[in-house]
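S.K.: Kindly generate the corresponding structure for this input.
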Amino acid sequence: MSWNLIAKYIMSRCIHIISHTEHSVGSNNNWYVSTNCTVQALTALGYTVVIHSPPTDMRSFVTAVWLLLKKIRPHDIVYIISTDIVGYDKFSLLKLFRPTVRIFWEIHAVEEELLWFTKGYRTVLEVQKNKLLRFFYSRFVSASFCLSKPLLEYSKTILKIKNSFLISSVVNDTIFGKPSKNIQPRDTFIFSPFKAKKSFIVYWAGGEMYPWQGLDVIERVAKAVYELDRQIIFVIVGSNMWHTFTFIKNIVFYSRTTFENNMKMASLSNVCLALYTENCKRVTGYDFYYSPRKIIEFMALGKPVIATKTPEIEHIVKHNSEGYIVNNDPKKIATLILKLKRDSDLALTIGAAAKRKILHEYRIRNLTDAYERYFKQMELCIKNAK
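M.R.: Numbers count the residues shown, from 1 in each chain. All right, here's what the predicted structure looks like:
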């Protein structure tokens, strides 16, 4: 059967993505970047993609649904970005008003992620409430797209979504170009650490509010490096929300900035860190479930990456040739950083291998191919059911 016929059965010519899409300094740029990649991948299949970011509070929910129903045709797709707080999951109820609409979820997290932030009886109750709500809303879902193997297992066994598929984070092709040299005057201060030619920059940026980010490990690494080489500077973008640094002699801090500035700073760095807590399963009950987006972004820039050892990360980074996989030992990580500083050819070789990996496996076209493959599988299921 041709792809055009498959498209006729599986999806209309319009996909409505419901996601947080704010893109500004201080906002969660990850949603902007992730949603943009999803849009490009689905658009490449020849369909119109419309993005919606409706309010999630219950007072505005009825109005938001009413407005969406005016825009969604009977056979359109509603593609919902599903996070830990189940904010947009409730829009799956659109299917009650448009029974022929197909609801797809892109699952980013589990409800237990809330346990990272606060403890106590009230938080446990909140998590249990969200679990019940998500399971209820998932009854209206035709398929889920999961950003890691633990999330895929979660979708299949906990949510019991029959059509559950694994996708990976990808990077926009523009990341492979040289970063723009047109820096606005207001951004000049951001790049000051990179102007010192003698400085060797170790870079980290991420969602600092999440305790699964290894900021505590990074501080211990910085201290270990300081004892060995005081010309190495750590640049930390987004910090001090769950971990307060007490050792800051070789650390430069910045609050959140734009994705574009993050990429500029990463491109001017020598080594990039992607360290995570090793206590994920103890806290949430799940293995490393989040998508390590920043790893593929750093690798796409041709940078050596030092990352915490997990099955998900080992799938992306080949140890010793495309980067380094570690067990969060500060002294060992410090040794690797010094090794890369002393052997610039090695650093260039590893960075080049990392970039080739991303060029081959983690681009928009790879995500488009995955969607096409999964849509075909769903069509086969529909045919067999008949």
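
S.K.: Which helix in the protein has the most residues?
M.R.: Selection of the longest helix in the chain by residue count, based on DSSP state H, yields helix 364-385.

S.K.: same question for that one, mean pLDDT?
M.R.: Across helix 364-385, the average pLDDT comes to 84.

S.K.: repeat for stretch 46-54
M.R.: In the prediction, stretch 46-54 has an average pLDDT of 91.

S.K.: And it, end to end?
M.R.: Stretch 46-54 has an end-to-end distance of 25 Å (CA to CA, to the nearest Å).

S.K.: Could you confirm I306 falls within a strand?
M.R.: Yes: the assignment for I306 is a strand, going by DSSP: H, G, I helix; E, B strand; the rest coil.

S.K.: Run through the residues that contact it.
M.R.: Taking CB atoms under 8 Å, 6 or more residues apart in numbering, we find I306 in contact with V271, C272, L273, A274, L275, G323, Y324, V326, I333, L336, I337. From N, CA and C alone the C-beta is placed, and that goes for glycine too.

S.K.: who's in contact with the host helix or strand of L132?
M.R.: Element membership for L132 (DSSP states H and E) is helix 121-138. With CB under 8 Å, 6+ apart as the test, helix 121-138 has contacts from 82, 84-86, 89-90, 92-93, 105, 111-112, 114-115, 117, 144, 158-161.

S.K.: so where's the stretch 201-350 of the chain shaky on pLDDT?
M.R.: Counting by pLDDT under 70, the stretch 201-350 of the chain shows low-confidence ranges at 239-240.

S.K.: How is this protein divided into domains?
M.R.: 3-170+363-385, 173-361 (automatic domain parsing).

S.K.: now the first one, how far from the centre of its chain.
M.R.: Same thing as domain 3-170+363-385. In terms of CA atoms, centre = their mean, to the nearest Å, the centre of domain 3-170+363-385 is found 14 Å from the chain centre.

S.K.: Make sure I have this right: I175 is in a helix.
M.R.: Yes: counting by three-state DSSP, I175 falls inside a helix.

S.K.: burial count for the nearest residue to it once chain neighbours are set aside?
M.R.: In this structure, I175 finds its nearest non-sequential neighbour in A300, 4.8 Å apart by CB to CB, 6 or more residues apart in numbering. Residues near A300, counting by other CB atoms under 10 Å, number 24.

S.K.: can you tell me how far A300 sits from F375?
M.R.: Note on A300: its distance to F375, by CB to CB, to the nearest Å, is 27 Å.

S.K.: before we move on, what about V271?
M.R.: Taken as CB to CB, the span from V271 to F375 is 40 Å.

S.K.: and what of N327?
M.R.: Distance of N327 to F375, given as CB to CB: 40 Å.

S.K.: between the two, who's got more neighbours?
M.R.: Taking neighbours as other CB under 10 Å, N327 and F375 compare with F375 leading, 19 against 9.

S.K.: Can you classify K339 by secondary structure?
M.R.: Using three-state DSSP, the structure places K339 in helix.

S.K.: Identify the residue spatially nearest to it, adjacent ones excluded.
M.R.: Nearest to K339 is L346, by CB to CB, 6+ apart, at 7.2 Å.

S.K.: Wait, that neighbour touches L340, no?
M.R.: Yes: at 6.5 Å, L346 counts as touching L340 under the criterion of CB atoms under 8 Å.

S.K.: Settle it for me: which of these two has more neighbours?
M.R.: Between L346 and L340, counted using other CB under 10 Å, L340 has the larger neighbour count: 21 against 13.

S.K.: List the residues that contact that one.
M.R.: L340 sits next to N270, V271, P304, L346, A347, I350 when contact means CB under 8 Å, 6+ apart.

S.K.: let's go with 10 Å and repeat that
M.R.: L340 makes contact with F200, V202, N270, V271, P304, I306, Y324, L346, A347, L348, I350, G351 under the criterion CB atoms under 10 Å, 6 or more residues apart in numbering.

S.K.: right, and the fourth one touches K303 too?
M.R.: Yep, that's V271 we're talking about. Yes: counting by CB atoms under 10 Å, V271 does reach K303; the two are 6.9 Å apart.

S.K.: And those two? Which one has more around it.
M.R.: V271 (27 against 22).

S.K.: Tell me how far the more buried one lies from D57.
M.R.: 43 Å.
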